[in-house]
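Engineer: Have a look at this prediction, sequence included:
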Amino acid sequence: MYTLMTPIRSLTRPFAVAACCALTLVYAACVSSGGGSISQAGAPRAAGETISGDISLAPSPAMRYPANAPVGSPDPRVGLKPGAAVGEAGEAAWNMKLISNSPASNGFTGRGATGPDLAFTGQYAIQGNYRGFQIWDISNPKAPTLTVGFLCPSSQGDPSVYGNLLFISGESNGSRNDCGTTNITDTVSMDRFRGIRVIDISDKAHPRLVTNVQTCRGSHTNTVVSDPRDKENVYVYVSGYAGVRSATEVPGCKSAAAGDSTSAQFRIEVIKVPLKHPEEAKVVNSPHLLADLSGRTVHAPPPTDTGARGGRGGRGGRGGAPAGAAGDSAAPARRGGGGGGGGNRGGGVGQSGCHDITSYPAIGYAGGACAGYGLLFDIRNPFNPKRLLSVADSNMSFWHSATFSNDGSKLLFSDEWGGGSAPRCRATDRLEWGGNAIFTLEEGKLSFKSYYKMPAPQTDQETCTAHNGNLIPVPGRDIMVQAFYQGGATVFDWTDPSHPIEIAFFDRGPGGGYWSTYWYNGVIVSSDEQRGMDIHELTPSPYLSQNEIDAAKSVQVAEYNAQEQTHIVWPPTFALARAYLDQLERNGGLSTERISAIRTELTNAESASGAARGTALSTTATSLSADVATASDKGRVRLLQRAVQDLSKK
């Protein structure tokens with residue numbers, strides 16, 4: 001079913017521009033005070049801990065995998081049969097399996113009905129659409145049911161959720177304030193909607209439009225930012241780079257050059273939403289965080305677009321800086337590559353806007369993917385974010401999204417080369433282009449480590465480049481699932497930031513393609529642009545044990561947004577302890593004999609109950625404290641000891 005919604009009006013419920021200085025090789029850093037570093041935004045750290053307070057695993061030995069673990073050759077993703085419907089297209093899967101597909105409902109198919117991003121709350125997945133959004137009940141992931149289809153064109157319709165409030169981005173000139181389906185064609189119209197829709201979803205079957213917050217350039221995407229000190233309000237950052245609308249529609253809208261404080265460009269909008277009166281949501285700040293950026297570089301078009309010959313390049317997608325990457329920040333700006341907009345395609349001053357901003361309130365940072373740059377913001381005061389660092393790299397055509405490691409020690413930026421409308425994973429396209437750039441974030445500096453890109457070559461008919469994804473909460477590891485449009489979904493481990501490696505995938509033949517794919521409460525949910533919503537499960541493999549999967553499934557959250565990270569904390573379970581043991585076996589971090597003995601102790605403790613179980617686990621935890629001194633992976637042994645100790649108190 002779908003519903004045409006009408007609005008309601010009530011519901012019960014000193015920026016300083018940073019100086020920029022060029023640093024060596026791949027990146028440039030912008031600092032709030034001289035010296036090439038920043039003060040940490042998070043709480044003070046103890047020895048051996050990261051900014052988030054987690055035990056650092058940076059010194060740990062790398063994971064080792066059996067020689068027969070990699071996917072076969074040729075890669076089964078190559079040459080899949082095309083198909084408009086799920087049953088028509090060929091499929092390939094490795095270490096994950098499809099458990100359901102839910103076709104788009106009536107009113108959300110056909111021309112102009114692209115399915116973009118996802119948000120999650122409780123048992124529901126909210127799937128955006130250029131025509132509105134759909135709410136799916138995924139309590140049974142093998143058979144989701146449609147709760148409602150909300151018909152309210154708001155291209156591109158990216159959703160975020162906070163409690164019973166839903167925020168929808170819109171930047172199309174044709175969208176209407178009243179959710180009407182008749183396109184606006186007038187140059188100036190007071191009926192036009194461009195900005196953030198605020199919607200009450202306390203009754204999931206009957207959403208209600210509360211208000212529209214208008215902005216000068218609409219909203220391409222949005223970011224929820226909460227302040228632990230402010231329980232009365234939530235903030236929404238507005239990202240985008242569309243043209244500036246008429247000041248007749250929204251007073252004060254003006255297109256002006258970088259450095260002009262009245263310009264509606266080179267900034268983000270900060271919307272304050274009073275939780276008790278969301279109808280009063282409004283823009284409260286528009287910091288010009290991007291006005292002085294410089295040093296952007298862009299690589300040349302691919303050989304197949306220019307008629308020249310070229311090759312796939314090195315295995316940069318498996319990690320490591322490729323030959324020729326050095327000196328990027330100092331190289332002359334080169335046009336080409338196609339990034340999807342954003343202004344300042346060359347070496348000028350100022351970046352028109354950001355594509356995505358990912359907030360991580362627990363560490364006080366946000367990562368900004370802002371077309372020509374990757375940025376780090378201080379968001380300890382959500383009302384007034386500050387820019388701290390910037391990076392630029394000619395291998396990155398269009399900085400699209402950002403993801404922190406859970407411990408806050410790494411930051412991954414994705415590159416939407418081709419703007420999501422071109423084939424950019426062909427055999428002739430370099431693996432350093434259109435993927436991800438991985439940085440460490442230590443001692444107030446961003447340091448480049450490697451690139452990762454979905455490694456299977458695609459055809460000229462398959463739109464493919466890095467897009468939306470998130471962390472899978474496997475303890476002790478940084479594992480991410482990510483959409484690559486018609487390149488499908490790739491799951492990769494970037495625990496070792498210099499050597500990321502693919503560990504699972506799912507792909508279909510041309511027709512549709514994954515806009516976004518996210519782990520949520522035990523499953524992987526993907527939004528296909530044309531073929532509905534898919535749900536997958538991971539399967540055990542030499543890369544990922546059943547214990548690690550079970551520990552990941554033990555993490556249950558109340559809601560999830562694409563551009564908001566929360567600190568993952570694992571509940572005490574036997575699966576968590578065994579997951580750390582599996583990792584210690586995989587990387588040789590503890591002797592084989594000791595691992596076997598601990599496994600036996602855990603089995604015996606699990607078969608006991610009451611005080612006997614607690615005593616047995618406490619004894620094991622005490623003995624593990626002694627193992628830290630001799631283990632080659634001291635960090636994981638400490639994590640194992642903590643997990644067993646917590647389990648003994650359960």
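Structural biologist: Thanks, I have it.
Engineer: In the stretch 551-650 of the chain, where is pLDDT below threshold?
Structural biologist: Judged against pLDDT under 70, the stretch 551-650 of the chain has no low-scoring part.
Engineer: residue boundaries of the helices in it?
Structural biologist: Using DSSP state H, counting those that start in this stretch, the helices found in the stretch 551-650 of the chain span residues 574-586, 592-607, 610-627, 634-648.
Engineer: what's the answer for the stretch 201-350 of the chain, then?
Structural biologist: Under DSSP H, counting those that start in this stretch, the stretch 201-350 of the chain gives helices at 303-306.
Engineer: quick one, strands of it?
Structural biologist: 208-214, 221-227, 230-239, 269-274, 282-285 (DSSP state E, counting those that start in this stretch).
Engineer: could you dump the ones you listed to JSON lines with mean neighbour count and distance to S202?
Structural biologist: Quick note: C-beta positions are derived from backbone N, CA and C, even for glycine. Conversion of the strands of the stretch 201-350 of the chain to JSON lines gives the following (neighbours: other C-beta atoms under 10 Å; distance: least, C-beta to C-beta, whole Å):
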{"stretch": "strand 208-214", "mean neighbour count": "22", "distance to S202": "9"}
{"stretch": "strand 221-227", "mean neighbour count": "23", "distance to S202": "17"}
{"stretch": "strand 230-239", "mean neighbour count": "21", "distance to S202": "15"}
{"stretch": "strand 269-274", "mean neighbour count": "21", "distance to S202": "15"}
{"stretch": "strand 282-285", "mean neighbour count": "15", "distance to S202": "22"}
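Engineer: Of all the ones you listed, which one comes closest to Q565?
Structural biologist: Of all these, strand 221-227 sits nearest to Q565, with 10.4 Å by C-beta to C-beta.
Engineer: same question for the closest one, mean pLDDT?
Structural biologist: In this model, strand 221-227 has a mean pLDDT of 95.
Engineer: quick one on the thing from earlier: just say which of the helices of the stretch 551-650 of the chain is most tucked in.
Structural biologist: helix 574-586 (a mean of 24; mean count of other C-beta atoms under 10 Å).
Engineer: just so I know, which of the helices of the stretch 551-650 of the chain lies nearest Q123?
Structural biologist: Closest to Q123 of the helices of the stretch 551-650 of the chain is helix 574-586 (C-beta to C-beta; 22.5 Å).
Engineer: Give me the residue ranges of the chain where confidence is low.
Structural biologist: 1-45, 304-347.
Engineer: mind giving me the domain split of it?
Structural biologist: For the chain, automatic domain parsing gives the domain ranges 3-13+18-103+115-297+307-561, 574-648.
Engineer: can the strands of the stretch 201-350 of the chain go into JSON lines with extra columns for distance to A616?
Structural biologist: Listed next are those as JSON lines, based on distance: least, C-beta to C-beta, whole Å:
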{"stretch": "strand 208-214", "distance to A616": "54"}
{"stretch": "strand 221-227", "distance to A616": "41"}
{"stretch": "strand 230-239", "distance to A616": "42"}
{"stretch": "strand 269-274", "distance to A616": "50"}
{"stretch": "strand 282-285", "distance to A616": "56"}
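Engineer: Those: which one's closest to W136?
Structural biologist: When the strands of the stretch 201-350 of the chain are ranked by proximity to W136 (C-beta to C-beta), strand 208-214 comes first, at 19.0 Å.
Engineer: between the closest one and strand 230-239, how many degrees?
Structural biologist: Interaxial angle, strand 208-214 versus strand 230-239 (axes from the mean of the first three to the mean of the last three C-alpha atoms, to 10 degrees): 60 degrees.
Engineer: Can you tell me which of the domains of the chain is most buried?
Structural biologist: Counting by mean count of other C-beta under 10 Å, the most buried of the domains of the chain turns out to be domain 3-13+18-103+115-297+307-561, with a mean of 21.
Engineer: wait, which of the helices of the stretch 551-650 of the chain is closest to P382?
Structural biologist: For those, proximity to P382 was assessed by C-beta to C-beta; helix 634-648 is nearest, at 31.3 Å.
Engineer: now for that closest one, which elements pack on it?
Structural biologist: Judged by 3 or more C-beta pairs under 8 Å, 6 or more residues apart in numbering; DSSP states H and E, helix 634-648 is in contact with helix 574-586, helix 610-627.
Engineer: As PDB, could you dump the C-alpha coordinates of it?
Structural biologist: Coordinates of each C-alpha in helix 634-648 appear next as PDB, following Å, rounded to 0.1, in the frame of the first residue of the first chain:
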ATOM      1  CA  LYS A 634      48.700  -8.800  23.800                       C
ATOM      2  CA  GLY A 635      45.700  -6.600  22.800                       C
ATOM      3  CA  ARG A 636      43.400  -9.500  21.900                       C
ATOM      4  CA  VAL A 637      44.400 -11.500  25.000                       C
ATOM      5  CA  ARG A 638      43.400  -8.400  27.000                       C
ATOM      6  CA  LEU A 639      40.100  -8.300  25.100                       C
ATOM      7  CA  LEU A 640      39.600 -12.000  25.700                       C
ATOM      8  CA  GLN A 641      40.300 -11.600  29.400                       C
ATOM      9  CA  ARG A 642      37.900  -8.800  29.700                       C
ATOM     10  CA  ALA A 643      35.200 -10.800  27.900                       C
ATOM     11  CA  VAL A 644      35.600 -13.800  30.100                       C
ATOM     12  CA  GLN A 645      35.600 -11.600  33.300                       C
ATOM     13  CA  ASP A 646      32.400  -9.900  32.200                       C
ATOM     14  CA  LEU A 647      30.800 -13.200  31.400                       C
ATOM     15  CA  SER A 648      31.700 -14.500  34.900                       C
END
